[in-house]
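> the amino acid sequence is not available; the structure is as follows:
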C-alpha cells in the first residue's frame, strides 16, 4: 500500500473517543539500518482504527525509510491509511525525560479519550540500561527513573491513568519496571528476553481495540500473534512476552523483598552464600550475548525463587504464587521455558560494572532490603577467585584427557569446558583457539575427563569458534563471533531435539556503545551473505578476537557438520568458570595428527 503523509498547520482538540494511543517511537539503528519502524508504521496504517486516536512521536534516527519523516522530532496523527504531520518539534533528545513528558502532556490535552494507552518502540536494555537509543544524541536513552518519572508527572498533571503501557522493545518485562509503573497504569505488556526484529503485529492489535474488545483479550491476542510471527520467522524458541496486572505488582515485590531479608543475613555464611550464588546461576537469564557484547544480569523472578525453595521454602513459594497471580498471560519459547513473566536485576556476570549498576539501582529508591542486598552481594561476589586453578595439571590417556579436582575446587565451579586450539606460528608462541565445548557432568570428583576430539564444527567446510550462550537438558546455543557483510555479529548456532545436527538461527548485531544493548533484531542469513569468522588469539601479552582471512559465502543451504581436523599440531585443555564468570585454564596438552 502507499501511505500518504499530509501536513496540518493547525491542530484542534478532537472529540472524545474510546481510546487514545500514544506511540513513542525512537527509530535508532532499527530504522536507519533495518527499516523496522517503517514496517510497523505500515502495519498501523493497515488497521481499521477509525474509533481511536493514534498519535506517534518520531525521532532519534539518522534516516527514516518512510518518505516524509525526517530527522526532526515530529508528531503524527493516524487518519485512516494516512499519517498527518501535526507538529514539527525540531531536533530534541528522545532520551530526555522532558521530551517524553511533553509528548504525553500534549497528546492527552488534545486527544482526550475514555482510555489511554502508551507504547514504547525501540531498543530496551532491562532494569539497569532502561529504554531507548537516540542516534542523534550519542545513543542516549531513558533510565527507568527518567521514564517512569516523566509518566508520573504527566499522569498527575492530566489526572489520567493508562489502561496499558507496552514496550515493543527487548528486556523491559522486569519487576522494577512494573513496580515503578504500578500507580500510573493498569496493565503492562513487555518481554523478559530479546525481541525479534518483527516485533509486535500492530494491525490485529489495533483492530481488536477498535472493535471495543476487552483489554485482556486484546493483550492475549497480541501475545499470541507475536509468538506466531516469531515462530514463522524461526525465532519462536527464544522469545518471551507477558501481560502483567500492575495492581498485583506490589504483592510480587513485597513477597520478593521478604525473601531478601534472610538472604541478606545469610551473606555472612559461606555455605548459604554459595547456595544463593548457585541459585542465581541456575535461573533463567536474559540478554546475554556470548562471544562479543556483555551481560544484563537479568534473571526470572519466579525461577530464582524456585531454586531457593529449599533454603527459604515458605518465602519462595510466596514469590512464585505472587508472580503467577500477577502475570495475566505469558508466552515463553522452548529455549526460555523457565520464563514466568517477570525478570529482576540480580548481580552475577557483569562484574566490571557492579559499582555503576548499584548506583543506578540505588537511584530507584525502592522500599525494603533488596537494594541493600544487591550492594552487599555484589561486593562479596568480587571476592570470589579461582586463581589457584590456573595451569592445573592434566593427564594424557591417549584418546582423552583428565584433570583431578578436589571437592572444594569443584564446589567453586559453575562450568568446565574442553578447549581446542592450534599454533599460529612455528615457534608455538601464538595460539589460535577454535573454541570450547561444555562438559556436562562436573559433579564427580574422581576426575573430569574430555575426549581428544579429532573433528570440530564447521559451516560450509570452514571451522568456526564456539562460545556457549545458553544450555539446558534439551538444547545448547552457541555464539560464533565474526563479521556478516562487514557488520560485527554473533552467528547463533542451536542444537536441540529438532536440530540434532545443528542449525544457524541467524545473527545478532553487536552493539559497542558504552551502555550495552543487545540487538533486538535476529538477522536472517540470506543467499549471497558473507561471514568472516573470528577466532580467539593468544600470545604471551594479549588475548583478542581476530580474523585469519577465512570467509563463508552462504548459498541456498547452510551446512553445519563435524569436520575432521586436518593434519597438524593441536592443543587440548580445560577452561574453568566460576559462578560469577571468573576464568582459569589448565595446562594444555599438545597432540599431533598426521
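Here it is on my side, so go on. These figures come from a predicted structure and were not determined experimentally.
> and the host helix or strand of residue 359, what does it pack onto?
Using DSSP states H and E, residue 359 falls within helix 354-363. Helix 354-363 is packed against helix 126-129, helix 370-381, with contacts defined by 3 or more C-beta pairs under 8 Å, 6 or more residues apart in numbering; DSSP states H and E. (C-beta placed from N, C-alpha, C; glycine too.)
> now do the longest one and helix 354-363, the angle between them.
Following axes from the mean of the first three to the mean of the last three C-alpha atoms, to 10 degrees, one obtains 170 degrees for the angle between helix 370-381 and helix 354-363.
> now the next helix or strand along the chain from helix 370-381: average pLDDT?
Downstream of helix 370-381, the first helix or strand assigned by DSSP H and E is strand 395-396. Across strand 395-396, pLDDT averages out at 94.
> and the next helix or strand after strand 395-396, average pLDDT?
Moving toward the C-terminus from strand 395-396, the next helix or strand (DSSP H and E) is strand 400-403. Averaged across strand 400-403, the pLDDT comes to 94.
> name the next helix or strand downstream of strand 400-403, please.
Later in the chain than strand 400-403, the nearest helix or strand by DSSP H and E is helix 407-411.
> remind me what that next one packs against, helices and strands.
Counting by 3+ C-beta pairs under 8 Å, 6+ apart, helix 407-411 packs on no helix or strand.
> run the chain-centre distance for it.
Counting by C-alpha atoms, centre = their mean, to the nearest Å, helix 407-411 is centred 32 Å from the centre of its parent chain.
> for that helix, buried residues please.
residue 409 (16 or more other C-beta atoms under 10 Å).
> okay, now the sheet partners of the next helix or strand along the chain from it, with direction.
Toward the C-terminus, helix 407-411 is succeeded by strand 413-423 as the next helix or strand (DSSP H and E). Sheet pairing here is set by DSSP bridges, and for strand 413-423 it gives strand 431-438 (antiparallel), strand 568-578 (antiparallel).
> and the angle from the one helix or strand residue 257 maps to to helix 370-381?
Using DSSP H and E, residue 257 maps to helix 249-265. Following the same axes, to 10 degrees, one obtains 40 degrees for the angle between helix 249-265 and helix 370-381.
> any buried residues in helix 249-265, and which?
Those would be 249-261, 263-264, for helix 249-265 by 16+ other C-beta under 10 Å.
> sec struct for the nearest residue to residue 234 once chain neighbours are set aside, please.
Leaving aside its chain neighbours, residue 234 sits nearest to residue 505 (6.3 Å; criterion: C-beta to C-beta, 6 or more residues apart in numbering). What DSSP: H, G, I helix; E, B strand; the rest coil gives for residue 505 is strand.
> quick check: which ranges of this structure have low pLDDT?
Across the chain, the ranges flagged by pLDDT under 70 are 1-15, 289-294, 443-446, 511-521, 542.
> is it true that residue 22 lies in a strand?
Yes. Residue 22 forms part of a strand when assessed by three-state DSSP.
> isn't it right next to residue 121, touching?
No. In this structure, residue 22 is not within contact of residue 121 by C-beta atoms under 8 Å, at 11.0 Å.
> on that earlier part again, the residue nearest to residue 234 and residue 88: what is the separation?
The gap separating residue 505 from residue 88 is 41 Å, by C-beta to C-beta, to the nearest Å.
> neighbour-wise, which of the two wins?
residue 505 (20 against 11; other C-beta atoms under 10 Å).
> so what's that one up against?
Residue 505 is in contact with 234, 235, 237, 238, 492, 493, 494, 522, counting by C-beta atoms under 8 Å, 6 or more residues apart in numbering.
> and of those, the nearest to residue 52?
Taking C-beta to C-beta as the measure, residue 52 sits nearest to residue 235 out of those, at 29.5 Å.
> now that closest one: closest residue in space, sequence neighbours ignored.
Distances taken as C-beta to C-beta, 6+ apart place residue 196 nearest to residue 235, at 4.2 Å, with adjacent residues excluded.
> so which of the strands paired with strand 413-423 is nearest residue 361?
Of all these, strand 568-578 sits nearest to residue 361, with 23.1 Å by C-beta to C-beta.
> which residues touch the residue nearest to the spatial centre of the chain?
Nearest to the geometric centre of the chain sits residue 287, at 2.5 Å (C-alpha atoms, centre = their mean). Residue 287 makes contact with 125, 126, 170, 171, 193, 194, 295, 296, 298, 518, according to C-beta under 8 Å, 6+ apart.
> also residue 594?
Contacts of residue 594 by C-beta under 8 Å, 6+ apart are residue 567.
> ok, now residue 572?
So residue 572 contacts 401, 418, 419, 420, 450, 452, 588, 589, 591 (C-beta under 8 Å, 6+ apart).
> kindly recompute the last result at 10 Å.
By C-beta atoms under 10 Å, 6 or more residues apart in numbering, the contact set of residue 572 is 394, 396, 400-401, 418-421, 450-453, 586, 588-591.
> excluding chain neighbours, what is closest to it?
Nearest one to residue 572, counting by C-beta to C-beta, 6+ apart, is residue 589 at 4.9 Å.
> now residue 70: how far from residue 103?
Taken as C-beta to C-beta, the span from residue 70 to residue 103 is 17 Å.
> those two: which has the busier surroundings?
residue 103 (26 against 15).
> what sits against the more buried one?
Going by C-beta under 10 Å, 6+ apart, the list of residues near residue 103 reads 22-24, 55-57, 59, 73, 75, 87, 89, 92, 94, 118, 150, 154.
> between the residues you listed, which is closest to residue 383?
Closest approach to residue 383 among the contacts of residue 103 (C-beta to C-beta): residue 150, at 38.9 Å.
> in three-state terms, label that closest one for me.
helix.
> I'd say it and residue 94 touch.
No. Contact criterion C-beta atoms under 10 Å: residue 150 and residue 94 do not qualify, at 11.5 Å.
> more crowded one of those two?
Taking other C-beta under 10 Å, residue 150 and residue 94 do not tie; residue 94 has more neighbours (29 against 22).
> hang on, the residue nearest to residue 235 in a strand?
No. Assigned with three-state DSSP, residue 196 falls outside any strand and is coil.
> wouldn't it be in contact with residue 240 here?
No. If you go by C-beta under 10 Å, residue 196 and residue 240 don't touch, sitting 11.1 Å apart.
> okay, and which of the contacts of residue 505 map to strands?
492, 493, 494, 522 (DSSP state E).
> make a markdown table out of these and add distance to residue 374 and neighbour count.
Listed next are these as a markdown table, based on distance: C-beta to C-beta, whole Å; neighbours: other C-beta atoms under 10 Å:
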| residue | distance to residue 374 | neighbour count |
| --- | --- | --- |
| 492 | 30 | 22 |
| 493 | 33 | 22 |
| 494 | 32 | 22 |
| 522 | 30 | 22 |
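> fine by me, we can end here.
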